[in-house]
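>>> Provided below for reference: sequence and predicted model.
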Amino acid sequence: MGERRSIRVPVVGTIAYWVVAAAVKLGPAALAIYRATQGPKGSSSVNASLSGGGFSLNVIEKGVTTYNASASLMVIAAWVALPPLIGWIAWAVLRKKDDHMSSPAHHG
């Protein structure tokens with residue numbers, strides 16, 4: 001990776017995190033929605049709402065709730081932003097440390 005830390009590391013890390021987080025957090029909902037929409041017309045329903053308190057999703061298939069979830073907007077924002085932000089901060093700190101260690105004054 002040369003003397004300086006490449007920006008590719010946090011970019012790829014952020015993208016990988018979002019892909020995994022989406023699969024883990026949205027995968028079950030997507031599967032329930034898919035199954036509900038494949039049945040006979042009128043036998044299932046999908047209800048999503050966004051209110052001041054947050055986001056909620058309810059999937060009903062043939063009269064049975066197959067998926068029900070809700071999350072506040074703050075929790076959603078934390079899941080989306082905090083882990084990548086921590087990764088970027090760590091990258092910046094390590095990069096600054098590398099710059100300091102490789103400066104001519106440090107080698108003295």
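Structure received.

>>> hey, let's count contacts and neighbours off CA atoms from now on
Fine.

>>> can you list the residue ranges for strands in the protein?
44-51, 54-61, 64-71 (DSSP state E).

>>> out of those, deepest packed?
Burial of the strands of the chain is given as mean neighbour count (mean count of other C-alpha atoms under 10 Å); strand 54-61 ranks first at a mean of 18.

>>> in its sheet, what does that one sit against?
strand 44-51 (antiparallel), strand 64-71 (antiparallel) (DSSP bridges).

>>> now do it: everything it contacts.
32-33, 35-36, 43-50, 65-73 (C-alpha atoms under 8 Å, 6 or more residues apart in numbering).

>>> how about it as PDB, C-alpha atoms only?
Taking Å, rounded to 0.1, in the frame of the first residue of the first chain, the C-alpha atoms of strand 54-61 are listed here in PDB:
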ATOM      1  CA  GLY A  54     -40.000   6.400  12.800                       C
ATOM      2  CA  PHE A  55     -40.600   3.800  10.200                       C
ATOM      3  CA  SER A  56     -42.800   0.700  10.400                       C
ATOM      4  CA  LEU A  57     -43.500  -2.200   8.100                       C
ATOM      5  CA  ASN A  58     -46.100  -4.800   8.400                       C
ATOM      6  CA  VAL A  59     -46.600  -7.800   6.000                       C
ATOM      7  CA  ILE A  60     -49.700  -9.900   6.200                       C
ATOM      8  CA  GLU A  61     -49.900 -13.100   4.100                       C
END
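
>>> gap between it and the chain center?
19 Å (C-alpha atoms, centre = their mean, to the nearest Å).

>>> tell me the mean pLDDT for that strand?
Per-region confidence: strand 54-61 scores 96 on mean pLDDT.

>>> leaving out chain neighbours, which residue sits closest to residue 65?
Distances taken as C-alpha to C-alpha, 6 or more residues apart in numbering place residue 59 nearest to residue 65, at 5.8 Å, with adjacent residues excluded.
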